[in-house]
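> Okay, sequence plus prediction incoming.
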Amino acid sequence: MKWFKKSGNVLIGAIIIISIWQLTTMLTDMPEALLPTPLMVAQGIISLIADGTFFEHLSVSMMRFLAGYLSAVVLAVLLGLFLGRMERLWAVIDPIVQVLRPVSPIAWSPFIVLWFGIGSAPAIVIIFIAAFFPVLLSTVSGVKKVDQTYLKLAQNLEIRQPQLMTKIIFPAAFPSIANGLHIGLGTAWIFLVSGEMVGSQSGLGYLIVDARNLLRLDLVLAGIIFIGICGLLLDKGIRLFERWIEKQWGVVPNDQK
């Protein structure tokens, strides 16, 4: 029942957006080549799916995304668990992270292209940078907020490393880590498209650039819709993973408390 309610809300929202879009195309004098109608974009979506172009570019983008995002998550979580326990070391590293964190990964693209060439590597590096800092900061924050009662209890029970980290600290910090995974996924997916627009010859970002160069704005909008839907599905995948971990540890989700 809850699923049907959510689906109904999504359907109503989509109908409202498409209606506003269609009215805009009817009430303005803008040529269809500059503002395609919903029907033109729907036909573009069908053509990209039917001839396999969408799946070809999607598979390349997903490979780059998974390589960059997963490597960033593994390294950021491991470093975050370590640095969160080393207060003096984190006090030294934190200012450096705070300086680097606001810098857009695209700003590094001149160095990235020179160091890693063209192809998939620059996009993977940009995704890595985009996902790394949100996950690192969330992990450090989660470790620093672990209830001291847990740590004192572990000390009384003489629980040592690595069990202290895997059995106490990591589960206690996981809600913050999961929040970082969501933020990192969103930023990484955004910069995946940006990275593929810079120097790649394949992927969803390149699909949009190629369609723009051909003045096929219906395909540009189709690509934008594909990117939005894929980003939403990836976020849902992270949510399912988070629920699975919580279920393994017997944690009650926040929305069910």
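The structure has been received and is ready for your questions.
> how close does the residue nearest to the spatial centre of the chain get to Gly231?
What sits nearest the mean C-alpha location of the chain, by CA atoms, centre = their mean, is Leu185, with 1.8 Å. Here Leu185 is placed at a distance of 8 Å from Gly231 (CB to CB, to the nearest Å). The way it works is simple: take the backbone N, C-alpha and C, and place the C-beta from them, glycine included.
> What mean pLDDT does the strand or helix carrying Leu185 get?
Element membership for Leu185, per DSSP states H and E: helix 170-199. Throughout helix 170-199, pLDDT has a mean value of 84.
> Show me what secondary structure element comes after it.
Downstream of helix 170-199, the next assigned helix or strand under DSSP H and E is helix 204-213.
> What segments of the chain are helices?
Along the chain, the segments classed as helices by DSSP state H run 2-27, 38-50, 53-83, 87-100, 109-116, 120-144, 148-156, 163, 170-199, 204-213, 217-249.
> which helices and strands sit right next to the fourth one?
What that stands for is helix 87-100. Judged by 3 or more CB pairs under 8 Å, 6 or more residues apart in numbering; DSSP states H and E, helix 87-100 is in contact with helix 53-83, helix 120-144.
> How much space separates the nearest residue to Leu217 once chain neighbours are set aside from Leu23?
Closest residue to Leu217 apart from its sequence neighbours, by CB to CB, 6 or more residues apart in numbering: Pro36 at 5.5 Å. Pro36 is 14 Å from Leu23, where distance means CB to CB.
> which of the two has more neighbours?
For the pair Pro36 and Leu23, the greater number of neighbours falls to Pro36 (22 against 10), based on other CB atoms under 10 Å.
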